[in-house]
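Engineer: here is the input, now give the coordinates:
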Amino acid sequence: ANANKARCLQNIMGFQTLKEFSKMLATRPDAPVTIDDAVAAEDIHGKILGGIKEKTVYQKGKTMKNPQRITLSVRIMERYQRVILCIDVMKVNKIPFLITISKHIKFGTVQLLSNMVGSTMLDGLKKTYALYARQ
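Structural biologist: Modelled structure (predicted):
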């Protein structure tokens, strides 16, 4: 029961970690819960998610400066002469990209679209088709 009170008090007061909450409890002998209650609350309920989420460190993703052309083996090309493409447009930060993946080969392409006009998308598909035709 006191563990639940401790967790409730910890949430109300906005302490994200057990360490911060324990420091506050140590300075307040008149507090309605003890440090042991707070420890029991963390054992029962786990850590407060806000304390975990706020401590996640941002890592910059790797960028491809020079994408490389991948050549498929003759065996794959002979087996999959007719390629079925799955196509979608995905927006990242309101910037449209044409995404394709071949159904059996699982080869994907991504192209930046300057706008969402049908002719622009068709140009992107033609470039993808040319890529497969070169193989």
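
Engineer: just checking, which helix or strand of this structure averages the lowest pLDDT?
Structural biologist: The weakest-scoring helix or strand in the chain, judged by mean pLDDT, DSSP states H and E, is helix 49-53 (a mean of 61).

Engineer: do I have it right that residue 5 meets residue 38?
Structural biologist: No. Using C-beta atoms under 8 Å, residue 5 is not in contact with residue 38; the gap is 9.8 Å. Every C-beta, even on glycine, is put in place using the N, C-alpha and C of the backbone.

Engineer: so these two - more neighbours on which side?
Structural biologist: Higher neighbour count among residue 5 and residue 38: residue 38, with 25 against 14, using other C-beta atoms under 10 Å.

Engineer: same question for the more buried one, what's its three-state structure.
Structural biologist: Under the three-state scheme (DSSP: H, G, I helix; E, B strand; the rest coil), residue 38 adopts helix.

Engineer: show me what contacts it?
Structural biologist: Shown in contact with residue 38 (C-beta atoms under 8 Å, 6 or more residues apart in numbering): 6-7, 10, 18, 21-22, 25.

Engineer: okay, these in a markdown table with neighbour count and secondary structure next?
Structural biologist: What follows is the contacts of residue 38, written out as a markdown table (neighbours: other C-beta atoms under 10 Å; DSSP: H, G, I helix; E, B strand; the rest coil):
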| residue | neighbour count | secondary structure |
| --- | --- | --- |
| 6 | 27 | helix |
| 7 | 21 | helix |
| 10 | 26 | helix |
| 18 | 19 | helix |
| 21 | 26 | helix |
| 22 | 17 | helix |
| 25 | 21 | helix |
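
Engineer: residue 79: which of those residues is nearest?
Structural biologist: Of all those, residue 79 sits closest to residue 18, with 58.3 Å by C-beta to C-beta.
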